[in-house]
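Asks: Pasting a predicted model and its sequence here:
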Amino acid sequence: MPSTRGFYMPAEWTAHRRTWMAWPVADTVLVGTGGPNGGYMAWAAVANAIAAFEPVSMLVPPGGTDLARGYLDPGVEVIEHEIAESWMRDFGPTFVLGPEGALGAIDWQFNGWGGRTFPDNKVDALIARFVAERAGAARFASKLVNEGGAIHVDGEGTVLLTESVQLNANRNPSWTKPEVEHEIHTMLGTRKAIWLKQGLESDCDENGTDGHIDTLACFLKPGLVLAHRQPDPAHPDFDIARENSAVLKATKDAAGRTLEVIEIDAPEQRFKADGAPLSCTYVNFSFVDGGVVLCGFDDPRDGEVVDLFRELFPNRRVVQVPATRIFEGGGGIHCITQQEPLAQS
């Protein structure tokens with residue numbers, strides 16, 4: 001097992017070797033604003049922004065290189081491989097580091113977000129294996145149905161989880177909470193799990209994830225958490241966000257620290273063309289080497305968020321990329337990226 005061999009998942013702000021992504025291919029991400037072109041532009045904007053900081057490897061469907069090259073900067077590596085969805089965070093491997101610079105990759109059981117896209121898109125369940133082999137990582141297969149967007153670690157033994165995901169009957173119907181925690185800790189080298197109850201309402205619909213943690217809260221450093229807040233009392237997420245923040249503020253991490261929580265207001269409500277609400281959140285960003293890539297929503301709060309991150313990370317360059325089009329497909333910048341850490345020898 002990874003943890004018994006000294007493997008652990010490092011915090012996302014540690015050094016990266018590269019970021020992995022998958023080109024937009026599914027109807028759910030191609031039918032939004034601007035049609036397929038809008039989706040291609042949105043994914044490429046994220047890849048190109050990250051490529052200014054670190055290498056990016058983009059999986060594209062067989063025969064899709066020329067199309068992707070028309071949108072991607074020359075420095076982005078394009079790799080042809082069968083894909084059915086575009087959320088690399090979720091079906092890609094969760095990378096871990098081991099002794100003497102060893103690189104490992106956790107291959108969770110993937111069932112299409114509780115059966116939403118499975119078995120029709122069963123090829124996505126094989127992506128983690130392919131990426132692990134391509135990266136030269138030792139593959140560790142887990143028995144837990146899980147997605148990369150459903151976990152967040154501080155690199156020092158603490159992991160954030162959501163009851164509505166890992167404990168959902170559509171994923172792990174026979175698992176108890178202690179059993180889930182044991183498997184998570186075994187795979188990630190963590191020892192303290194902090195559970196939030198549920199996700200944003202619009203992330204729990206038929207096209208959602210049942211409430212991934214990466215739309216709710218994330219570590220900014222050990223002991224410091226950024227949490228989504230909904231300022232509108234009439235909004236269905238108001239009570240959910242308030243309860244999540246209360247749990248975090250009342251919890252100690254693996255090192256025994258009481259968590260400090262920074263709450264960040266949601267942008268103004270956005271909707272799909274059919275009137276369905278979007279679960280837009282500033283929490284869903286990506287750390288990159290020397291920088292932070294944030295979601296932007298053409299919202300009055302965008303500038304405030306940039307200022308906050310510049311204050312929090314004075315030694316990192318802060319970049320904001322339009323993300324509403326990505327959320328129309330069901331997620332954000334963090335959801336479409338997966339960092340491969342730089343092995344430390």
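Replies: Here it is on my side, so go on.
Asks: Could you list the buried residues of the lengthiest helix in the chain?
Replies: Across the chain, the longest stretch assigned as helix under DSSP state H is helix 35-51. With burial defined by 16 or more other C-beta atoms under 10 Å, the residues of helix 35-51 counted as buried are 38-40, 42-51. C-beta here means a position set from N, CA and C on the backbone, and glycine is covered the same way.
Asks: who's in contact with that helix?
Replies: 19, 21, 23-24, 29-30, 32, 34, 56, 58, 67-68, 71-73, 75-76, 86, 286, 288, 293, 319, 321-323, 325-326, 329, 333, 336-337 (C-beta atoms under 8 Å, 6 or more residues apart in numbering).
Asks: just the helices in the stretch 101-250 of the chain please.
Replies: Taking DSSP state H, counting those that start in this stretch, the helices of the stretch 101-250 of the chain run over residues 112-115, 127-135, 163-166, 177-188, 238-249.
Asks: most packed of those?
Replies: Each of the helices of the stretch 101-250 of the chain was scored by mean neighbour count; the highest is helix 163-166, a mean of 23, by mean count of other C-beta atoms under 10 Å.
Asks: That one - contacts with which helices or strands?
Replies: helix 177-188 (3 or more C-beta pairs under 8 Å, 6 or more residues apart in numbering; DSSP states H and E).
Asks: Packing partners of the helix it packs on?
Replies: strand 94-97, strand 138-145, strand 158-162, helix 163-166, strand 192-196.
Asks: average pLDDT for the longest helix of the chain?
Replies: Here helix 35-51 scores 98 as its mean pLDDT.
Asks: Mind checking what helix or strand follows that helix in sequence?
Replies: Next helix or strand after helix 35-51 toward the C-terminus (DSSP states H and E): strand 56-60.
Asks: show me where the stretch 201-345 of the chain has strands.
Replies: Listed in chain order, the strands of the stretch 201-345 of the chain (DSSP state E, counting those that start in this stretch) span 217-221, 224-229, 260-265, 286-288, 291-296, 317-322, 338-341.
Asks: These into CSV, with extra columns for mean neighbour count, mean pLDDT and distance to residue 154?
Replies: Output for those, formatted as CSV (neighbours: other C-beta atoms under 10 Å; pLDDT from 0 to 100; distance: least, C-beta to C-beta, whole Å):
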stretch, mean neighbour count, mean pLDDT, distance to residue 154
strand 217-221, 21, 98, 4
strand 224-229, 22, 98, 9
strand 260-265, 16, 98, 12
strand 286-288, 25, 98, 13
strand 291-296, 22, 98, 17
strand 317-322, 18, 98, 21
strand 338-341, 24, 98, 14
